[in-house]
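# 3D, please:
(2 chains)
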There are 2 protein chains.
Amino acid sequence: MEINKAKEQLDRLERELFAYRYAMSSIGLDARTAAPPETQEGRGVALGILSARNHELMTSEGLWTTVNTLYDNRDEAGPEYFRRSEILRKELSDMRAIPAEEYAGLTKLLSESQYVWHKAKNSSDYASFGPYIDKLVAARKHIYEITRPDMDPFDAALDAFEEGTSREYYDRFFDELRATLVPLIAKVNAAGQPDDSWLKVSYPVEQQRKLSQILMDAFCLDRNHCAITETEHPFTGGPTSQDVRITTHYYEFLPIASVYSVIHEGGHANYELHVDPAYDYNCLKGGTSMAVHESQSRFWENYVGRSREFTDWLWPRFRELFPEQTAGRNADDFYRCINKAQPGLIRTEADELTYPMHIMVRYDLEKKLFAGELTSKDLPDAWNGLYKDYLGVDVPDHARGVLQDIHWSSGSFGYFPTYALGTAYSAQILDTMKKDLDFSALVAADDMKPILAWLTDKLYHFGSLIKPGDVVPSICGAEFSAKFFTDYLTDKFSRLYSL
Amino acid sequence: MEINKAKEQLDRLERELFAYRYAMSSIGLDARTAAPPETQEGRGVALGILSARNHELMTSEGLWTTVNTLYDNRDEAGPEYFRRSEILRKELSDMRAIPAEEYAGLTKLLSESQYVWHKAKNSSDYASFGPYIDKLVAARKHIYEITRPDMDPFDAALDAFEEGTSREYYDRFFDELRATLVPLIAKVNAAGQPDDSWLKVSYPVEQQRKLSQILMDAFCLDRNHCAITETEHPFTGGPTSQDVRITTHYYEFLPIASVYSVIHEGGHANYELHVDPAYDYNCLKGGTSMAVHESQSRFWENYVGRSREFTDWLWPRFRELFPEQTAGRNADDFYRCINKAQPGLIRTEADELTYPMHIMVRYDLEKKLFAGELTSKDLPDAWNGLYKDYLGVDVPDHARGVLQDIHWSSGSFGYFPTYALGTAYSAQILDTMKKDLDFSALVAADDMKPILAWLTDKLYHFGSLIKPGDVVPSICGAEFSAKFFTDYLTDKFSRLYSL
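Presented below is the predicted three-dimensional model:
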């Protein structure tokens, strides 16, 4: 196939994929935000047909030939078309390698296991869900053995969620984290805690909604292209760089939850909103990987949003919306309570300091499950043991233990570590940024535009054109190191807890 | 093709059409309710591709052959498959008859004319939009000349929006209306009006939202399958009988607008919600025609919602939500103000009595435009003259005159009369219902279930299986007559205005 013809063909086919995915995502958004409860049947029929059309196109010979023509002619294709062919080739190879019956079997298994997990979590009944863990690990391993026969299956799993990573990469990272954080957390645990009971009284949701609008302005989220709505679990999504949605969940008695959820999802959104719009209809659009995406949500949430400069800016606005609840408190109380670090049982409720330990527990267990060193039978004990070792807490039941996350029931092994890796990436990026910008002064003045422009220029603009593993080296001029993250945590929490 | 094979094939193809339409409707709903303002580009790309897939399937030889196999073997097909083939055959014949360039030309013309109309309406500038009227009439007429060469083009337009109607059918109907309503309106105009200024003060939107929830309960709208949201213009839509959405628009200073909008759209919704779910994925789903659909929205809005029995039920609930605004008023004031009849300029703001006259103006003008007896140049004068004749009002500008409706700019000629016809249909249906049910007592007690069950049994259940023209004869055992409607209006407004 002639190169220009292949480029045109790829544009056309990717636009068609875009249309099916736009439709499925719109239907999914409606289901999570507006649809009446008992409407799943029609939605299932529509989604089934649309995803079949999408799958047909993804596995078509036409797309395969087009992608390979561009991949095999890198110079003529040019960097953008080559990168598109590279991304798609990997995805298509995987899809084409898996036999249809195996794919159907996995789909059925995942549907069952998620259903069983939901029930099991509600009744803290590990026995019913446990056997699915072994089946899911076996099914995933088998798929990686087919699609990546040259690799260890857990390396393949890690690479599937974060291109270029492996056990070796993560082991080094987590070893560094463990060495610093386990003793640091123990010291914090021994120190006194601030009283945050005043942040756990009634904060009316109507006022919390107003606060979200203030935060959207504070983080330059452009209302012409970004809207906020409410869902059970917060997320960010959107079909193009021109149309990004974030969601939050308001808890009347925990206003800080939505504050940092909005800033976190707003970080994901700002990344998506600033990708080159030329990529809107192809696979270069959006963030380049899970970890790099998380690096940006955590950058805005933690390094900006939980900084003393920002909580000082927020405090008078917060006080104005909630005068009674905040009576007698000051900006120092606000900063300390927001940054209260205390080991707990639930990952999604964890603070900045203890969060990586929750991830480490899961990473250690996934590695053993894939290596055959652990089976579902011994998983809860192993889980509880690691929570004791890493966080010093006793797990009282499986609902607050091994059953708490949806990920494994969805067959996602190797996903969790990206959460911790991304946060560490952005510590290093922040260090570089501070050489160019007066970060503290900008945050103190809520002057986020220069920060956003810097990140857009170095990262956001490129979308998926930049490979995930190239992000830190290209921005920072050095290989990734966990040191920036551990230094940041040590410094911040030593000051906060006068260690 | 073998009949059973054709049935299976039709089921499969209609499900595929269902999926594309579900997707387009979900994307459209999002655009009207939740999408940020500047997101049209990506939506346009996605909708363009999905509608192209839909159009390809609609014009495919496979669907055409399948439909004709069932149509030509009526007995073997059975009533449901035969009716489906009949509905689709008409639609497909039209699509196949129109040359592709003509179809593309019309699409372009409609897009332009709607854009120009929006601007023209905002600046009351008829001169810029006027020429489009002639182009649109010519384009529509030409299409009917191709698709229905045996018919007068305006008869074809009327039949396109309401199967089985014609100029003769509507002329008889409107002649009867005109004879009764013009003198009745003149008498009402000469009588004194109730003071409704207290219903035009501030009614906070938050309280109006609560009232909508009371109304959804009052009209048995099942929250498991029906949700309400807010849009600029209210509408009802939904992919299946299991999933129907209504929308409303709250005006702080006009609470009655949303009350009757919710009841009106709730009427459309109750019709859709009670169609046999066996039709969810084919063309029998939903109401059988524009007029029959409007017969049900108007039944619930006017005959139930504006009755003395219902306003008496609503009054204490309304007063509880708005104690200050309603101080010193009573149920009698409420009923009279809600039913205040006064000729005005704007169709969508018209009361029950004067509404049909707005429709008659448009019908008379459309008929003349199609007959070549009127062109765009003389249209505003003709419009203003008829408003004077029928309603006794002087039109001060084109924005509140000939430019007020979107319909003509969308190429919809022959649509308006269905609004009036439907309201008249339900007057006759109500007369029959009253022989079976103690309608007044049921409404007074807000016991809507028996009314809903009666309508479901006689009409809703059948979806589009019943032909529009058969609705009144099959329910009432008699041909349609406008007398029930004119009698109802004469009786109600003679009492209200002590004529």
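
# contacting residues for the residue most central in space within chain A?
A centroid search over chain A (Cα atoms, centre = their mean) returns A:E294, at 4.7 Å, as the residue closest to the centre. For A:E294, the contact set (Cβ atoms under 8 Å, 6 or more residues apart in numbering or on different chains) comprises A:418-419, A:421-423. C-beta: built from backbone N, CA, C; applies to glycine.

# same thing with A:T490?
By Cβ under 8 Å, 6+ apart, the residues touching A:T490 are A:180, A:184.

# and with 10 Å instead?
A:180-181, A:183-184, A:353, A:499 (Cβ atoms under 10 Å, 6 or more residues apart in numbering or on different chains).

# and which of those residues is nearest A:A23?
Among these, A:L353 lies closest to A:A23 (Cβ to Cβ), at 42.0 Å.

# Give the burial count for A:P79, as a bare number.
10 (other Cβ atoms under 10 Å in any protein chain shown).

# ok so it is a helix residue?
Yes - according to DSSP: H, G, I helix; E, B strand; the rest coil, A:P79 belongs to a helix.

# A:L465 is in contact with that one, correct?
Yes - A:P79 lies in contact with A:L465 (Cβ atoms under 10 Å); the separation is 7.0 Å.

# Which ones among the contacts of A:T490 map onto helices?
Counting by DSSP state H, the members of the contacts of A:T490 that fall within helices are A:180-181, A:183-184.

# Quick check: A:P239 is in a strand.
Yes - going by three-state DSSP, the assignment for A:P239 places it inside a strand.

# residue contacts, it?
Here A:P239 is in contact with A:18-19, A:21-23, A:25-26, A:29, A:245, A:272, A:280-281, A:285-286, B:27, B:39, B:42-43, B:45-46 (criterion: Cβ under 10 Å, 6+ apart).

# go with 6 Å
Counting by Cβ atoms under 6 Å, 6 or more residues apart in numbering or on different chains, A:P239 touches A:22, B:42.

# Got the confidence number for it?
You'll see A:P239 listed with a pLDDT of 95.

# if I look at it, how far off is A:T288?
When distances are taken as Cβ to Cβ, to the nearest Å, A:P239 and A:T288 turn out to be 18 Å apart.

# Same check on A:D196?
Going from A:D196 to A:T288 by Cβ to Cβ gives 37 Å.

# Could you do A:G305 as well?
For A:G305, the distance to A:T288 under the criterion Cβ to Cβ works out to 23 Å.

# Show me the strands in the stretch 151-300 of chain A, by range?
Secondary structure of the stretch 151-300 of chain A (DSSP state E, counting those that start in this stretch): strands at A:226-230, A:236-240, A:243-248.

# Most tightly packed of the ones you listed?
strand A:243-248 (a mean of 26; mean count of other Cβ atoms under 10 Å in any protein chain shown).

# as a whole number, average confidence for stretch A:153-160?
Model confidence over stretch A:153-160 averages 97 on the pLDDT scale.

# wait, isn't A:L106 in contact with A:A139?
Yes - judged on Cβ atoms under 6 Å, A:L106 makes contact with A:A139 at a distance of 5.4 Å.

# And the lowest-mean-pLDDT helix or strand in chain A, what's buried?
Per-element confidence for chain A was summarised using mean pLDDT, DSSP states H and E. The lowest value among helices and strands belongs to helix A:100-123, with a mean of 91. Of the residues in helix A:100-123, those buried by neighbour count under the rule 16 or more other Cβ atoms under 10 Å in any protein chain shown are A:106, A:109-110, A:113, A:116-117, A:120-121.

# do stretch A:445-462 as well
Across stretch A:445-462, burial judged by 16+ other Cβ under 10 Å covers A:446, A:448, A:451-452, A:454-456, A:458-460, A:462.

# Could you list which of the residues you listed belong to helices?
A:451-452, A:454-456, A:458.

# May I see these arranged in JSON lines, with pLDDT and distance to B:I87 as well?
Written out in JSON lines, the entries for these read as follows (pLDDT from 0 to 100; distance: Cβ to Cβ, whole Å):
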{"residue": "A:I451", "pLDDT": "98", "distance to B:I87": "59"}
{"residue": "A:L452", "pLDDT": "98", "distance to B:I87": "54"}
{"residue": "A:W454", "pLDDT": "98", "distance to B:I87": "60"}
{"residue": "A:L455", "pLDDT": "98", "distance to B:I87": "55"}
{"residue": "A:T456", "pLDDT": "98", "distance to B:I87": "53"}
{"residue": "A:K458", "pLDDT": "98", "distance to B:I87": "58"}
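
# Return the distance of A:H249 relative to B:D312.
The spacing between A:H249 and B:D312, counted by Cβ to Cβ, is 42 Å.

# Give me the neighbour count for the residue of the stretch 301-450 of chain A at minimum distance from chain B.
Distances from the stretch 301-450 of chain A to chain B, computed as Cβ to the nearest Cβ, single out A:L321 as the nearest residue at 17.4 Å. When neighbours are counted by other Cβ under 10 Å, A:L321 registers 17.

# and the gap between the closest residue to it other than its chain neighbours and chain B?
Sequence neighbours aside, A:Q207 is the residue nearest to A:L321 in space, at 4.9 Å (criterion: Cβ to Cβ, 6 or more residues apart in numbering or on different chains). Using Cβ to the nearest Cβ, to the nearest Å, we find A:Q207 at a distance of 13 Å from chain B.

# For the closest residue in space to A:N68 that isn't next to it in sequence, pull up the helix or strand it's in.
Distances taken as Cβ to Cβ, 6+ apart place A:R89 nearest to A:N68, at 6.9 Å, with adjacent residues excluded. Here A:R89 sits within helix A:74-97, counting by DSSP states H and E.

# angle of that helix against helix A:100-123?
Relative orientation of helix A:74-97 with respect to helix A:100-123: 70 degrees, computed using axes from the mean of the first three to the mean of the last three Cα atoms, to 10 degrees.

# Looking at the nearest residue to A:I451 once chain neighbours are set aside now. What's its pLDDT?
In this structure, A:I451 finds its nearest non-sequential neighbour in A:L442, 5.9 Å apart by Cβ to Cβ, 6+ apart. With respect to pLDDT, A:L442 scores 98.
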